[in-house]
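S.K.: Next come a sequence and a model predicted from it.
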Amino acid sequence: MKDLQIGVMASGRGSNFQSIIDAIESDYLKNVEISLLITDNAAAYAIERAQKHGIPHLVLKPKEFDSRDAYYEYVALELKKRDIGLVVLAGFMRIVGKPVIDQFPNRIMNIHPALLPSFPGFHGQKQAADYGVKISGCTVHFVDEGMDTGPIIIQAAVSVRDDDTEDALSERILKLEHKIYPEAIRLFAEGRLDVRGHTVIIKGMTYEDGCITNPPLPD
Ligand code: GAR
C-alpha cells in the first residue's frame, strides 16, 4: 500500500481526475494511490476512467439519503474505511457537508476555474469573461464550510482575450488545472503544506519573478 491514499469526488467528465491518474502512472506523484472514486452522478464519465484504471467507485446520490447530513456522514464513513489521507474534489458540483469537513480538516482539496476569491461558485470562467477581467486562471484550495473560501494552495493565470468565448477561456484554464492539481497533491504528499490561519505556507519554496501582463507591455 502506498503512503498516501486519495479519495476523489467527481460529478462529471473527470478530466482533472484523469490528470491525477496520469501523474501517478507517470511517477510525477510518488507513493500516492487513488483508492476510491465517489460520484453523485451515475452517468459521470469519471466512472469509465476509474474502471479503466482499476479504481473502485461508488455512486452515492444525496436524494437517496434522509438528509444532507446523513449523506455526508455516509460519505465520510466510506472514506474513513479506506484510510483516506486526502480527499480531492475534481469537478464535484456540490458544497461538501460538515460531517466530511470535520473528519478531514485541511485534508480536502478543491479546484476552481478562476482566481479566487474572485468568481466563486458555478461558471467561474463565464463570470470572469462577463466581468471583463484581463487575467483569470485557476485555484487549488483547501476546503472549509464556505463556497470556495478555504486557504489557497496554488494558482495559475491566463490572459483573457477580447474575443474569448466561455468555452475558449475554459479550455485554456483547464490545461492549467491539469498541471496545478497534481502539483498541489505532490506538495501535500511530501508534507510541505502548512496551514497558518488562512494562509498555506509551502516549505522549501523558491519563487519566480515572471509575470503575465494583459495587454502586454511594449519591449
Ligand atoms: C473544472 O473546470 C473544475 O475547475 C470545475 O469543473 C470542471 C470539472 O471538469 N469546478 C468547479 O467549477 C467547481 N466550482 P472535469 O470534470 O473535467 O475535471
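M.R.: Good, I have the coordinates.
S.K.: starting at the chain centroid, how far to the biggest helix by length in the chain?
M.R.: Longest helix of the chain, by residue count under DSSP state H: helix 166-189. Centroid displacement of helix 166-189 relative to its chain, using Cα atoms, centre = their mean, to the nearest Å, is 8 Å.
S.K.: can you offset everything so residue one is 13?
M.R.: All set: I'll call the first residue 13, so the last point we hit is now helix 178-201.
S.K.: Return the set of buried residues in it.
M.R.: By neighbour count with 16 or more other Cβ atoms under 10 Å, helix 178-201 contains the buried residues 181-182, 184-186, 188-190, 192-197, 199-201. Yep, even glycine has a C-beta here, placed from its N, CA and C like the rest.
S.K.: can you narrow those residues to ones near the ligand?
M.R.: 186, 189 (Cβ under 6 Å from any ligand atom).
S.K.: now the residue nearest to residue 135 when sequence neighbours are not counted: how far from the ligand?
M.R.: The shortest distance from residue 135 to any residue other than its chain neighbours is 7.3 Å, reached at residue 178 (Cβ to Cβ, 6 or more residues apart in numbering). Distance, residue 178 to the ligand, using Cβ to the nearest ligand atom, to the nearest Å: 11 Å.
S.K.: before we move on, what about residue 32?
M.R.: 10 Å.
S.K.: Kindly report the residues of this structure close to the ligand.
M.R.: Taking Cβ under 6 Å from any ligand atom as the criterion, the chain approaches the ligand at residues 22, 24-28, 102-103, 123-125, 136, 186, 189.
S.K.: residue boundaries of the strands in this protein?
M.R.: Remark: strands assigned in the chain by DSSP state E are 16-22, 44-51, 69-71, 98-101, 120-124, 147-154, 164-171, 205-208, 211-214.
S.K.: Now the last one: buried residues?
M.R.: It refers to strand 211-214. residue 212.
S.K.: before we move on, what about the fifth one?
M.R.: Using 16+ other Cβ under 10 Å as the burial criterion, the residues of strand 120-124 that qualify are 120-124.
S.K.: Now the residues you listed in a markdown table, please, with extra columns for pLDDT.
M.R.: Formatted as a markdown table, the buried residues of strand 120-124 follow (pLDDT from 0 to 100):
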| residue | pLDDT |
| --- | --- |
| 120 | 98 |
| 121 | 98 |
| 122 | 98 |
| 123 | 98 |
| 124 | 98 |
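S.K.: Nearest residue to residue 108 in space, ignoring adjacent ones along the chain?
M.R.: Closest residue in space to residue 108, ignoring its immediate chain neighbours: residue 155 at 5.8 Å, by Cβ to Cβ, 6+ apart.
S.K.: Enumerate every residue touching that neighbour.
M.R.: 99, 101, 108, 113, 120-122, 162 (Cβ atoms under 8 Å, 6 or more residues apart in numbering).
S.K.: Kindly recompute the last result at 10 Å.
M.R.: Residue 155 makes contact with 99, 101, 104, 107-108, 112-113, 116-122, 161-163, according to Cβ atoms under 10 Å, 6 or more residues apart in numbering.
S.K.: List the ones among the residues you listed that fall in helices.
M.R.: Among those, DSSP H puts 112-113 in helices.
S.K.: May I see the ChimeraX selection of the buried members of the contacts of residue 155?
M.R.: Typed into ChimeraX, the line below selects the buried ones among the contacts of residue 155, using 16+ other Cβ under 10 Å:
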select :99,101,104,108,112,113,116,118,119,120,121,122,162,163
